[in-house]
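Enquirer: make a model of this:
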Amino acid sequence: MEGTTRLQDFKGNTLRVFASSDTCNVWFCSLDISVKSRLVVTGDNVGHVILLNMDGRELWNLRMHKKKVTHVALNPCCDWLLATASVDQTVKIWDLRQVRGKSSFLHSLPHRHPVNAAHFSPDGAQLLTTDQKSEIRVYSACRWDCPPSLIPHPHRHFQHLTPIKASWHPRYNLIVVGRYPDPNFKSCSPHELRTIDVFDGSSGKIMYQLYDPESSGIMSLNEFNPMGDTLASVMGECTLGQSSPPYSPRFSAGSPKLSAAPSTPRI
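Expert: Below you'll find the model as predicted:
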């Protein structure tokens, strides 16, 4: 770990270093950018969040959480609105125009367990959070104080597992997340598969489960391309030093009906 947030080209050449800790005890765990506002925001493992412009000039560096900042997200429609998630069991909402210190957040959203991620929906109207146990939450951005929608889901934390993070589909109100079967989970069934689960973002109902027997590890990270027709899924399993290939199910252009590549998933 080099303790930097940097811009690189696809050949691995460093074009700009935005932030550097200059110590092996501090490293950066989260990153987001706003192309429109030309801003870069990054969070580290001791609770600091740094805001920079695209030229690399630091605008502020504040300790916003008590522990590691696992995720930072700028609202795609209101890019002055920032969400930060942490293992201190909170998600905090900030107005970048009014940040003065760690207590200047707009809202603090307490969770029962450490939080892996906080993603704004593509329209900026909802916030999706993933904890380190068995809960996915959907908050309304216009009613932060109202109870969120809760989706029970097994994705417990494990020391050597890349933290599981739920994410949004860019066109439909769908949530995608990798499953880590838990025998203590209420609905767990014998020989449950490590599927990629797709939920309806409004009802919380599970819509699809994807599974490829050739890539049967835990799919910790799942992200759609901007068109929403391809899903890249990544797992941390390695065999003889070679990572397993990502599984890429595809959405049809007209509706969220699933097909798959390279092999048909079990739905």
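
Enquirer: shaky segments in this structure?
Expert: Applying pLDDT under 70 to the chain flags the ranges 1, 183, 237-267.

Enquirer: quick one, domains of it?
Expert: The chain breaks down by automatic domain parsing into domains covering 1-152, 163-267.

Enquirer: now those domains in CSV, with mean neighbour count?
Expert: Quick note: C-beta positions are derived from backbone N, CA and C, even for glycine. Output for the domains of the chain, formatted as CSV (neighbours: other CB atoms under 10 Å):
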stretch, mean neighbour count
domain 1-152, 17
domain 163-267, 16
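
Enquirer: and the gap between Phe105 and Asn184?
Expert: Distance of Phe105 to Asn184, computed by CB to CB, to the nearest Å: 34 Å.

Enquirer: try Val40
Expert: 40 Å.

Enquirer: tell me the strands in the stretch 51-200 of the chain, going along the chain?
Expert: 58-63, 69-74, 81-86, 90-95, 107-110, 115-120, 126-131, 135-140, 149-152, 167-168, 174-178, 196-200 (DSSP state E, counting those that start in this stretch).

Enquirer: measure the closest residue to Asn173 other than its chain neighbours to Lys68 for me?
Expert: Leaving aside its sequence neighbours, Asn173 sits nearest to Gly201 (CB to CB, 6 or more residues apart in numbering; 3.9 Å). Distance, Gly201 to Lys68, using CB to CB: 27 Å.

Enquirer: re earlier: looking at the strands of the stretch 51-200 of the chain, which is closest to Phe28?
Expert: Of all the strands of the stretch 51-200 of the chain, strand 69-74 sits nearest to Phe28, with 8.8 Å by CB to CB.

Enquirer: got the angle between that closest one and strand 115-120?
Expert: In terms of direction (axes from the mean of the first three to the mean of the last three CA atoms, to 10 degrees), strand 69-74 departs from strand 115-120 by 0 degrees.

Enquirer: by how many degrees do strand 69-74 and strand 90-95 diverge?
Expert: 30 degrees.

Enquirer: what helices or strands is strand 69-74 leaning on?
Expert: strand 28-34, strand 39-44, strand 48-53, strand 81-86, strand 115-120 (3 or more CB pairs under 8 Å, 6 or more residues apart in numbering; DSSP states H and E).
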